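Trainee: Please work out how this folds:
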Amino acid sequence: MTAAGYIAAILIGISLGLIGGGGSILTIPVLVYLFGVQPLLATGYSLFIVGSTSLVGAIKHYRKGNVNIKTALAFSIVSTITVLATRKFLLHIIPDQLFNMGNYVVTKSLMTMILFAVVMIIAATKMIMGEQPADCPECATKLQPGKIIYSGTGIGLLTGLLGAGGGFLIIPALIFLFRLSVKQAIGTSLLIIAINNLLGFTGDIFHTQVNWALLLSVTALAIAGIFIGAKVGEQVKGEKLKKGFGWFVLVMGIYIIIRETTGL
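Mentor: Got it, this is the predicted structure:
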């Protein structure tokens, strides 16, 4: 299973390089199912892996003019504060056993994975069914405080609870709320993910025993993968990327629900 995990680590990077998201969607299942990492710990590891890989991808996109710095920084301030507060306060007051359904015990780990999958499916549906809005260059040059606050807070909460970079939510938000082009949404998303995740991970270092050998090896392979994904993405039209990303997220969300509820 470890060999399969390292192969999947490359796919994590390819996903981020190609579509600017999906890294956490792969990272958490890979860590849990292939490396045997406990789900709650996997959320912290995911922050580092996806954050480091996204930072490399964001630098590449910035050099091509595909990063909206103003939107990324404003979005990141709101979402990062929410991530840090969630991981420091909210995450640790949630009990390990939430409730019983007959003889079936619903645990925090199970609910984490199920909630993760449900949010994925909702976001995927929007990406597949929603029409690409017309690009709005003037929208991208001005701050939109209301949209930044509610979207940044929501994504920060999910990132903190689930260890998800939020690319599968950030990209739809940037496209449909802020009306960035798909390619610019991908680059901007990578910068937001990098800031959110790496700062969020700093809150875990002081109270978590980190397996640095595993963490750094998976991260290195994911970074290698992001160069492959970015190269392929240059040849694909934005609309195809958006719908392809949506189908990918939908399939992964359904798989996680089936896996967690049936044990298959």
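
Trainee: how close does the residue nearest to A85 when sequence neighbours are not counted sit to G154?
Mentor: Leaving aside its chain neighbours, A85 sits nearest to G160 (7.4 Å; criterion: Cβ to Cβ, 6 or more residues apart in numbering). (Each C-beta comes from the backbone N, C-alpha and C, glycine too.) For G160, the distance to G154 equals 11 Å [Cβ to Cβ, to the nearest Å].

Trainee: A194 too?
Mentor: For A194, the distance to G154 equals 19 Å [Cβ to Cβ].

Trainee: What of T219?
Mentor: As judged by Cβ to Cβ, T219 and G154 stand 27 Å apart.

Trainee: do L174 as well
Mentor: 14 Å.

Trainee: next one: L162
Mentor: 12 Å.

Trainee: more crowded one of the two?
Mentor: Neighbours around L162 and G154, counted as other Cβ atoms under 10 Å, are more numerous at L162. The numbers are 24 against 17.

Trainee: who are the neighbours in contact with the residue lying closest to that one once chain neighbours are set aside?
Mentor: Closest residue in space to L162, ignoring its immediate chain neighbours: F116 at 4.8 Å, by Cβ to Cβ, 6+ apart. By Cβ atoms under 8 Å, 6 or more residues apart in numbering, the contact list for F116 reads I28, L162, A164, G253, I256.

Trainee: from these, which single one is nearest H61?
Mentor: A164 (20.3 Å; Cβ to Cβ).

Trainee: Next one, pLDDT for that closest one please.
Mentor: Looking at A164, its pLDDT stands at 63.

Trainee: do S52 as well
Mentor: For S52, pLDDT reads 91.

Trainee: which residues touch it?
Mentor: Taking Cβ under 8 Å, 6+ apart as the test, what S52 contacts is A194, L198, T219, A222, I223.

Trainee: Which positions within stretch 108-128 qualify as buried?
Mentor: 109-114, 116-117, 119-121, 123-124, 126-127 (16 or more other Cβ atoms under 10 Å).

Trainee: Of the residues you listed, which is the nearest to L90?
Mentor: T112 (12.5 Å).

Trainee: That closest one sits in which helix or strand?
Mentor: In this structure, T112 sits in helix 108-129 according to DSSP states H and E.

Trainee: and that helix, how far out from the chain's middle?
Mentor: 11 Å (Cα atoms, centre = their mean, to the nearest Å).

Trainee: avg pLDDT for it?
Mentor: On average, helix 108-129 scores 78.

Trainee: Ok, stretch 180-187 next?
Mentor: On average, stretch 180-187 scores 82.

Trainee: and what of stretch 209-224?
Mentor: On average, stretch 209-224 scores 89.

Trainee: contacting residues around it?
Mentor: Counting by Cβ under 8 Å, 6+ apart, 5-6, 9-10, 12-13, 16, 23, 27, 30-31, 35, 37, 44-45, 48-50, 52-53, 56, 204 sit against stretch 209-224.

Trainee: 7 Å instead?
Mentor: Residues from elsewhere that reach stretch 209-224 (Cβ atoms under 7 Å, 6 or more residues apart in numbering): Y6, A9, I10, I12, G13, F35, Y45, F48, I49, S52, T53, V56.

Trainee: can you pick the most crowded of those residues?
Mentor: Busiest of the contacts of stretch 209-224 [other Cβ under 10 Å] is I49, holding 35 neighbours.
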